[in-house]
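> Following is a predicted model, sequence given first.
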Amino acid sequence: MTAAKLSRTPKDKRTAPADEIRRVCLNGKEVAYTLKRCKRRTIGMKIDSEGLTVRIPLRESLHWVESVLRNKADWVVEKLDEWRTRKLYEPVWEEGAIFPLLGEPWQLAARAAGVTQMTRATMKTGTEDRQMQLPLLSVLTPRQIEKIVMDWYCNKAIACFSERIALYADKLGVALPQLRLSRARTQWGSCNTHGIVHLNWRLIQMPLHLVDYVVAHELSHLIEMNHSPAFWQTVGRVYPDYVAARKELKRLG
């Protein structure tokens, strides 16, 4: 009589456990995270635009996972806050989207047919009304909204940046440089030997004190075309709190 053989799924063919959405209290805040069990020996944590993802060994206990998260609570909460701040500055081309200008929120609103002017209207943010109104918003495509808002941003940027450049050029005693807007993905600003300053258009979304820091930084290169101690002394002469501003810009990405 032949013994029956039991069918067994090969180890590498077994279905991986489904991802879990869990919550844990860190520094007094409820934090949601995605838990993934996989073939690894240690815990792995990633924080990005999707939030917190935790990868752990297949048989590890939840008690251990949450213990590790609590030990890393300061780092986790700080990084999650950084990503939330970054999202504020990412344009969404639709009605009701928030568009920061010098650190203050503005919002799109529809207007009556035939009206093409953009003005402030009704959005309560403290004591002021901040709202950009667009014509026939309901029939505009995201691409059309993007063009209108980008034109608005560029006009505001040129006006603001020109004013701050004139202010800091005078403080530094340098000739007024040319201004050009930039769309660089990794730089807030740059300055070349021809006396041309490039400032990222996204800087107009940031609070004015950060605009001032970038302007002071780039104009200081007209005196010291490097990042030597002499350069930072030049920056500090007109913008003493540059260390804190550098950290804030780095945090905002």
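Now that the structure is in, tell me what you want to look at.

> contacts and neighbour counts: CA atoms only from here.
Will do.

> where exactly do the strands run in the chain?
20-26, 29-38, 44-48, 51-57, 98-101, 104-111, 124-125, 128-129, 132-135, 178-182, 189-191, 196-200 (DSSP state E).

> max-length helix in the protein?
Of all segments of type helix in the chain, defined using DSSP state H, the longest is helix 142-172.

> The strands of the chain: which one's closest to residue 245?
For the strands of the chain, the distance to residue 245 is smallest for strand 189-191, at 14.1 Å, taking Cα to Cα.

> Any stretches of this structure with poor pLDDT?
1-16, 85-89, 95, 109-139, 253 (pLDDT under 70).

> Mind doing that once more with 90?
Along the chain, the model assigns pLDDT under 90 to residues 1-22, 28-32, 38-51, 56-66, 75-100, 103-149, 152, 184-186, 193-195, 249-253.

> can you list the domain ranges for it.
17-87, 91-141, 151-252 (automatic domain parsing).

> can I get those in a markdown table with mean neighbour count?
Converted to a markdown table, the domains of the chain look like this (neighbours: other Cα atoms under 10 Å):
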| stretch | mean neighbour count |
| --- | --- |
| domain 17-87 | 14 |
| domain 91-141 | 16 |
| domain 151-252 | 17 |
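
> ok so, going back, would you list the strands of the chain in JSON lines and tack on distance to residue 214?
JSON lines is the format used below for those (distance: least, Cα to Cα, whole Å):
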{"stretch": "strand 20-26", "distance to residue 214": "35"}
{"stretch": "strand 29-38", "distance to residue 214": "34"}
{"stretch": "strand 44-48", "distance to residue 214": "26"}
{"stretch": "strand 51-57", "distance to residue 214": "29"}
{"stretch": "strand 98-101", "distance to residue 214": "16"}
{"stretch": "strand 104-111", "distance to residue 214": "18"}
{"stretch": "strand 124-125", "distance to residue 214": "27"}
{"stretch": "strand 128-129", "distance to residue 214": "27"}
{"stretch": "strand 132-135", "distance to residue 214": "27"}
{"stretch": "strand 178-182", "distance to residue 214": "13"}
{"stretch": "strand 189-191", "distance to residue 214": "7"}
{"stretch": "strand 196-200", "distance to residue 214": "8"}
